[in-house]
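Peer 1: turn this into a structure:
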Amino acid sequence: MNSGEYTYIWQAGDWPRWRFNLNALALPMAEVSRAQGMLMGRLSDMGMALRDQASLLALTEDVVKTSEIEGEQLNVESVRSSIARRLGVDIGALAPVDRHVEGVVEMVLDATANCHAPVTRERLFGWHAALFPTGYSGLSKINVGVWRDDTNGPMRVVSGPVGRERTHYEAPPAHRLEKEIRLFLDWLNTATPEPPLIKAGLSHLWLVTLHPFDDGNGRISRAIGDLLLARADGSPQRFYSLSAQIQRNRKTYYDILEQTQKGSLDVTQWLIWFLDTLHRAVDQAEHTLNDVLAKARFWRHWASTPLNARQVKLLNRLLDGFKGRLTSSKWAVIAKCSPDTALRDITDLLVHGVLRKSDARGRSTSYELNDI
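Peer 2: Model prediction:
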């Protein structure tokens, strides 16, 4: 049977016998492995504290971006605080964290930190319940911690206004899910002939194609992919974020997914895309390491300068990539102090040479980190 005789890959007679051209994938796999090796080489020269900071940045980005792909915005500081508390990394004052942030963090950390534990239906149900602690997705009540039941019709991925929707994909009927998931988990939890990176790409595609839940399928599928990448790396500590790279090319992600799910069971093109995206994610981690090292150099340089807690907090915000221009009024809001106190804090840092006035023009004077 060829792809012209059915609509979606799960309708193929030989589903789910994935096929791919290993010769076409050999070079992309080698390039990813080389990039991973260079990254791990740099990390091996760093102390444990700096590696923890790099991992904290990568995990924070992963949690935030896997939600952004689905159009959901999480508070970055809350995510960072939740992860730091769980990893035992000292980042100073912790931001408030809500149940929803905690749920996404729990899933991502369980997938990576416990990557060698078997993936069971109960574990997947736990992840799903963590993603939707109130039993609602937005304003819609959903079935949580169970497979979807298709009570309201087939599970479809659609876009467009009401009455002019476009169906991008329709998932297998709910009555097939128990059998389909059992087959998937058996493959996932046993040694199979696929190279580890290929298995990670296939796991992502396979689960998102089954679409077993009312909502959260993309996030859970990406978590499964991360779990297998952690197994492939031989380390539960994460230093790069595939979800962040997917978010940077979100339209391409959905395009290749739709193309693959409407194509044949030869998924070579999906795997080429997956490996290329993974390569870019590892390369981006090199920039993250540069930021971590720059931050460490900054604090070593100013170690003897007396600073109060407000100044430390705002300087860290600048080092972590403060968006926009830092003014005294923004300082007062973020530090929760009076405008006069904010101005005294800033003036003190100007005197010591930690900050300088920005050249950017505007109605208010702004400030930036001085060069060291």
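
Peer 1: where along the protein do the strands fall?
Peer 2: In the chain, the segments counted as strands under DSSP state E are 136-137, 140-141, 156-159, 166-170, 326-327, 355-357, 366-369.

Peer 1: who are the contact partners of the closest residue to L307 other than its chain neighbours?
Peer 2: Using Cβ to Cβ, 6 or more residues apart in numbering and skipping residues adjacent in sequence, the residue nearest L307 is L315, 7.5 Å away. C-beta: built from backbone N, CA, C; applies to glycine. Contact partners of L315, counting by Cβ atoms under 8 Å, 6 or more residues apart in numbering, are F298, L307, L349, V354, L369.

Peer 1: in the sheet, who's paired with the last one?
Peer 2: The partner list for L369 in beta bridges (DSSP bridges) reads L355.

Peer 1: from here on, call the first residue 70.
Peer 2: Sure thing, new numbering starts at 70, so read that last one as L438.

Peer 1: how many residues are close by it?
Peer 2: Applying other Cβ atoms under 10 Å, we find 16 residues neighbouring L438.

Peer 1: which ones are touching it?
Peer 2: L438 is in contact with F367, L384, L387, L388, V423, L424, R425, counting by Cβ under 8 Å, 6+ apart.

Peer 1: export those to a markdown table and tack on distance to T321 and pLDDT?
Peer 2: Formatted as a markdown table, the contacts of L438 follow (distance: Cβ to Cβ, whole Å; pLDDT from 0 to 100):
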| residue | distance to T321 | pLDDT |
| --- | --- | --- |
| F367 | 36 | 92 |
| L384 | 37 | 93 |
| L387 | 33 | 91 |
| L388 | 31 | 88 |
| V423 | 42 | 95 |
| L424 | 40 | 95 |
| R425 | 40 | 94 |
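
Peer 1: spatially nearest residue to the residue positioned nearest the centre of the chain (excluding sequence neighbours)?
Peer 2: Nearest to the mean C-alpha position of the chain, by Cα atoms, centre = their mean, lies D131 at 2.2 Å. Leaving out its chain neighbours, the residue that sits closest to D131 by Cβ to Cβ, 6+ apart is S310, at 4.0 Å.

Peer 1: tell me who's in contact with the one you found.
Peer 2: S310 makes contact with A127, L128, E130, D131, K134, A350, Q353, A354, according to Cβ under 8 Å, 6+ apart.

Peer 1: same check, this time on L347
Peer 2: L347 sits next to V101, L266, L298, L311, Q314 when contact means Cβ under 8 Å, 6+ apart.

Peer 1: show me the two of these that sit farthest apart.
Peer 2: Across the contacts of L347, the longest distance by Cβ to Cβ is 14.6 Å; it joins L266 and Q314.

Peer 1: neighbouring strands for the helix or strand bottoming out on mean pLDDT in the chain, and are they parallel or not?
Peer 2: In the chain, no helix or strand scores lower on mean pLDDT, DSSP states H and E than strand 225-228, which sits at a mean of 87. Applying DSSP bridges, strand 225-228 is found paired with strand 235-239 (antiparallel).

Peer 1: list the buried residues of the partner strand.
Peer 2: Within strand 235-239, the residues scored as buried using 16 or more other Cβ atoms under 10 Å are H237, Y238, E239.

Peer 1: report the contact partners of the closest residue to L362 other than its chain neighbours.
Peer 2: Closest residue to L362 apart from its sequence neighbours, by Cβ to Cβ, 6+ apart: L119 at 7.1 Å. By Cβ under 8 Å, 6+ apart, the contact set of L119 is V361, L362, A365.

Peer 1: neighbour-wise, which of these leads?
Peer 2: Counting neighbours by other Cβ under 10 Å, the top entry in those is V361, with 22 neighbours.

Peer 1: from G303, how far out is it?
Peer 2: The gap separating V361 from G303 is 22 Å, by Cβ to Cβ, to the nearest Å.

Peer 1: now P242
Peer 2: Using Cβ to Cβ, P242 is found at 39 Å from G303.

Peer 1: also R413?
Peer 2: R413 is 51 Å from G303, where distance means Cβ to Cβ.

Peer 1: look at these two and report which has more neighbours.
Peer 2: Higher neighbour count among R413 and G303: R413, with 15 against 10, using other Cβ under 10 Å.

Peer 1: the residue nearest to the centre of the chain against I315, yeah?
Peer 2: No - the criterion here is Cβ atoms under 8 Å, and D131 misses it with I315 at 10.3 Å.

Peer 1: now, which of the buried residues of strand 235-239 sits nearest I403?
Peer 2: Nearest to I403 out of the buried residues of strand 235-239 is H237 (Cβ to Cβ; 41.2 Å).

Peer 1: what's next to stretch 392-399, contact-wise?
Peer 2: Against stretch 392-399 from outside (Cβ under 8 Å, 6+ apart): 383, 387, 408, 411-412, 415, 427, 429, 431, 433-437.

Peer 1: now do 6 Å
Peer 2: With contact meaning Cβ atoms under 6 Å, 6 or more residues apart in numbering, stretch 392-399 is reached by A411, L412, I415, A429, S433, S435, Y436.

Peer 1: cool, and stretch 247-267?
Peer 2: Outside of stretch 247-267, the residues within contact range by Cβ under 6 Å, 6+ apart are M98, P187, V188, W275, L279, A301.

Peer 1: mind redoing it with 8 Å?
Peer 2: For stretch 247-267, contacts defined as Cβ under 8 Å, 6+ apart pick out 79, 85, 89, 91, 94, 98, 101-102, 187-190, 193, 216, 241, 268, 271-272, 275-276, 279, 281, 293, 297-298, 300-301, 340, 344, 347.
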